[in-house]
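Undergrad: Here's a sequence, model it:
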Amino acid sequence: MESTRTLSDKIFLILKGLGMGAANKVPGVSGGVVAFVAGFYEEFIYSLKKVNAKAFKLLINGRFKSFYRYINGKFLGLLFFGMIVSYFSISKILDYLIIHFELYVWSVFFGMIIGSIYYINKDFNEWNYKTYTSLLIGVVLGASISFLNPAKENDNLWFVFFCGIISVSGMTLPGFSGSFILILLGNYVLLLVDSVNALYDTFYNILSGDFSFIKNPERIRMLKVLSVFTLGSVTGLVTFSHLLSYILKHFKNITISAIIGFIIGSLGVVWPWKKTIYKLSSEGGFLLDSRGTKIIENYKRFMPELNTQTAYAIGFIILGIAVVLALEWYGQKTKKITK
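TA: As a prediction, this is how the structure comes out:
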């Protein structure tokens, strides 16, 4: 599998990792959708499933090359490299764009999800009462989650570990936004903003020869939180991949129809026309995180007015759909070349 990858395949795999990483950071968007649409979802799940007892036995016995080949290491390595780069680069660009061009960013994501629904559904012909029921359940669950109110921030390490397990599900389950679930659990800012910034600042300090952060209890707390969150994410990634591999093998049609439903239900999360509602203190002022940023409580959705801004937003929705169709076209072209 690895030996047949050309240089262009490797570059595109890194780019797909960049896309997954960026999608996982944005509330309402699922990295699993990127994997599904880009055509490497099943290989991704299969490769993660290989991280099992046999793999650890190879690793413990020092058979590193066998371990690397067994888990499809080149595929996972390039993909996760793209995700990591995305986490510290593209995701920061996305943060900037969401702050300054919020409507248009959400419009692109809305269009991409519509395109994803088309992509997944176009070749699915196994519709019957079971798959329609599964579709309906997926829609209801997806829509219900999108209208829940967030909880308060909680830095208890056991809860942080649980957040890691839940948040990574967006990588393995298309339509299930792990970052949005973190907002509902109250820990989005803590785990995907503050702790990541703490790690970034720590790397910068180390490279500058400044180790004063060791005596900074808040920095150490943030690094501890990030470490536990990462451990939970790895645990969830491996666990979900084994579970999904089994489900896809034995209940593939029901699973795919549920995924389609979940993605349809998640459209409410990324609806472009919404007003951000912030958490208020008992005194009536805005609640702020450690960076002084107002903490989001929820979104109030509304129907747009007919104006130039709305026209631009619709244009960006079309752009989002076009991006997904372009990915599909590239995937089909690649398949024809490899045959």
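Undergrad: Just the element for the nearest residue to residue 46 once chain neighbours are set aside, please.
TA: Distance criterion CB to CB, 6 or more residues apart in numbering; nearest residue to residue 46, sequence neighbours excluded, is residue 245 at 6.7 Å. Any C-beta I mention is one placed from the backbone N, CA and C, and that applies to glycine too. Using DSSP states H and E, residue 245 sits in helix 217-250.
Undergrad: ditto for residue 275
TA: According to DSSP H and E, residue 275 maps onto strand 274-278.
Undergrad: pLDDT (mean, whole number) over that strand?
TA: Strand 274-278 comes out with an average pLDDT of 70.
Undergrad: What is the subsequent helix or strand relative to the helix holding residue 245?
TA: Downstream of helix 217-250, the next assigned helix or strand under DSSP H and E is helix 252-265.
Undergrad: Determine the set of other helices and strands touching that following helix.
TA: Using 3 or more CB pairs under 8 Å, 6 or more residues apart in numbering; DSSP states H and E, the elements in contact with helix 252-265 are helix 102-122, helix 129-146, helix 217-250.
Undergrad: next SSE after the second one?
TA: Next along the chain after helix 129-146, taking DSSP H and E as the criterion, comes helix 157-167.
Undergrad: what about residue 110, neighbour count?
TA: As a burial measure, residue 110 scores 24 neighbours (other CB atoms under 10 Å).
Undergrad: isn't it right next to residue 319, touching?
TA: No: look at residue 110 against residue 319 with CB atoms under 8 Å: they stay out of range, at 10.6 Å.
Undergrad: low pLDDT regions in the stretch 1-150 of the chain?
TA: 1-5, 7, 26-29, 88, 90-92, 94-95, 146, 149-150 (pLDDT under 70).
Undergrad: And residue 79, how close does it get to residue 21?
TA: Here the criterion is CB to CB, to the nearest Å. By it, residue 79 lies 9 Å from residue 21.
Undergrad: And residue 61, by the same measure?
TA: If you measure residue 61 against residue 21 using CB to CB, the figure is 32 Å.
Undergrad: neighbour-wise, which of the two wins?
TA: Neighbours per residue (other CB under 10 Å) separate residue 61 from residue 21, with residue 21 holding more: 26 against 10.
Undergrad: What sits closest to the more buried one if chain neighbours are left out?
TA: Nearest non-adjacent residue to residue 21 (CB to CB, 6+ apart): residue 86, at 2.9 Å.
Undergrad: Doesn't that neighbour belong to a helix?
TA: Yes: Residue 86: assigned to a helix according to DSSP: H, G, I helix; E, B strand; the rest coil.
Undergrad: Tell me how many other residues surround it.
TA: Residue 86: 25 surrounding residues under other CB under 10 Å.
Undergrad: Surely it touches residue 20?
TA: Yes: counting by CB under 8 Å, residue 86 touches residue 20, with 7.4 Å between them.
Undergrad: looking at the helices and strands packed on helix 252-265, which is buried most?
TA: Of the helices and strands packed on helix 252-265, the one with the most neighbours on average (mean count of other CB atoms under 10 Å) is helix 102-122, at a mean of 21.
Undergrad: got the angle for that helix vs helix 129-146?
TA: Relative orientation of helix 102-122 versus helix 129-146 (axes from the mean of the first three to the mean of the last three CA atoms, to 10 degrees): 170 degrees.
Undergrad: Show me what helix 102-122 packs onto, helices and strands only.
TA: Using 3+ CB pairs under 8 Å, 6+ apart: helix 102-122 touches helix 31-38, helix 90-100, helix 252-265, helix 308-338.
Undergrad: Can you tell me which of the ones you listed is nearest to residue 239?
TA: Between residue 239 and these, the tightest spacing by CB to CB is seen for helix 31-38, at 14.9 Å.
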